[in-house]
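1. sequence plus predicted model, see below.
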Amino acid sequence: MARYRDANCKLCRREGEKLFLKGTRCYSQKCAIDRRQYVPGQHGGQRMRRKISAYGLQLREKQKVRRTYGVLERQFHNYFKKADAKTGITGANLIQSLERRLDNLVYRFGFAPSRKAARQLVRHRHIVVDGGIVDIPSYQLNPGQIVRVKEKSKKLDIIHSALKMGRGEEYGWLRLNKAALEGELVEIPGRADIPLTANEQLIVELYSK
């Protein structure tokens, strides 16, 4: 199965902002984008700032969103095609579909310090949805479904260290029971409720060419 194997911090530096791919490290003084505020590469610190084209803006926005959610190109394009086929605003549909991924919700509930760690928890069968183990990170949740940590997995250090960040209590469209390590998707969030600094309309324009 294809996956990104290089340093995650390079992705943040390439996009010029924190994508929060490394969990607690992103909030510390060790964060690479705070220490090296230039694009990665041998000559990254020497590059002149050039005016970026309209296509370049669209591409960077697409790459930023894709990398934030840890989705590869073909899968991301499939999300776009499904969002475009739905009624409503295509860009908002796209972001909402990405938010409903199981690995993303495990991260939003605060059971993992990053989406990459959340994906690993799901793949290693530590997560239960509505009473049954689900090991597919891209599984789409619907409102009313319950996500919890498997009983035998509740003592994992990575889960307890992530819970200290208190992320799952930040969102009105999620309900978290921290004591039971259980969360519920109450409703599909509106675009304004999703904490993502992205202009998804640029992605729509890129794929609509």
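-> Yes, it's here. Residues are numbered from 1 along each chain as shown.

2. mind listing the strands in this protein by residue range?
-> If DSSP state E is used as the criterion, the strands of the chain fall at 127-129, 132-133, 146-149, 174-177, 182-185.

3. any idea which of those strands gets closest to K51?
-> If you check each of those against K51 by CB to CB, strand 174-177 wins as the nearest, at 40.8 Å. C-beta here means a position set from N, CA and C on the backbone, and glycine is covered the same way.

4. what's the closest one packed up against?
-> Under the contact criterion of 3 or more CB pairs under 8 Å, 6 or more residues apart in numbering; DSSP states H and E, strand 174-177 touches strand 182-185.

5. just the CA coordinates for the strand it packs on, please, in PDB.
-> The C-alpha coordinates for strand 182-185 follow below in PDB (Å, rounded to 0.1, in the frame of the first residue of the first chain):
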ATOM      1  CA  GLU A 182     -15.700   7.200  24.000                       C
ATOM      2  CA  GLY A 183     -16.900   9.800  21.500                       C
ATOM      3  CA  GLU A 184     -19.900  10.400  19.300                       C
ATOM      4  CA  LEU A 185     -20.300  12.300  16.000                       C
END
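
6. for stretch 145-153, list every residue counted as buried.
-> Q145, I146, V147, R148, V149, S153 (16 or more other CB atoms under 10 Å).

7. domains of this structure?
-> Segmentation of the chain into domains, based on automatic domain parsing, reads 8-41+50-98, 101-187.

8. so which of these is nearest K209?
-> Ranking the domains of the chain by proximity to K209 (CB to CB) places domain 8-41+50-98 first, at 8.5 Å.

9. now for the residue nearest in space to the middle of the chain: which residues touch it?
-> Geometric centre of the chain, nearest residue: Y69, 3.0 Å, by CA atoms, centre = their mean. Contacts were defined as CB atoms under 8 Å, 6 or more residues apart in numbering; by that measure Y69 touches L98, R101, N104, R115.

10. again with T90
-> Listed by CB under 8 Å, 6+ apart, the contact partners of T90 are F80, A83, D84, V204.

11. equivalent analysis for Y207, please.
-> With contact set as CB under 8 Å, 6+ apart, Y207 has these partners: K62, H77, F80, D84.

12. switch the cut-off to 6 Å
-> F80 (CB atoms under 6 Å, 6 or more residues apart in numbering).

13. for G183, same thing?
-> When contacts are counted by CB under 6 Å, 6+ apart, G183 is found next to F109, V147, L174, L176.

14. can you tell me the closest non-neighbouring residue to it?
-> Of all residues beyond its chain neighbours, the one nearest G183 is F109 (3.9 Å), with distances taken as CB to CB, 6 or more residues apart in numbering.

15. and that neighbour, its phi and psi?
-> Note on F109: its backbone torsions stand at phi -70, psi -20 [degrees, to the nearest 10].

16. that older thread, please pick the buried ones from the contacts of T90.
-> Under a neighbour-count criterion of 16+ other CB under 10 Å, the subset of the contacts of T90 counted as buried comprises F80, A83, V204.
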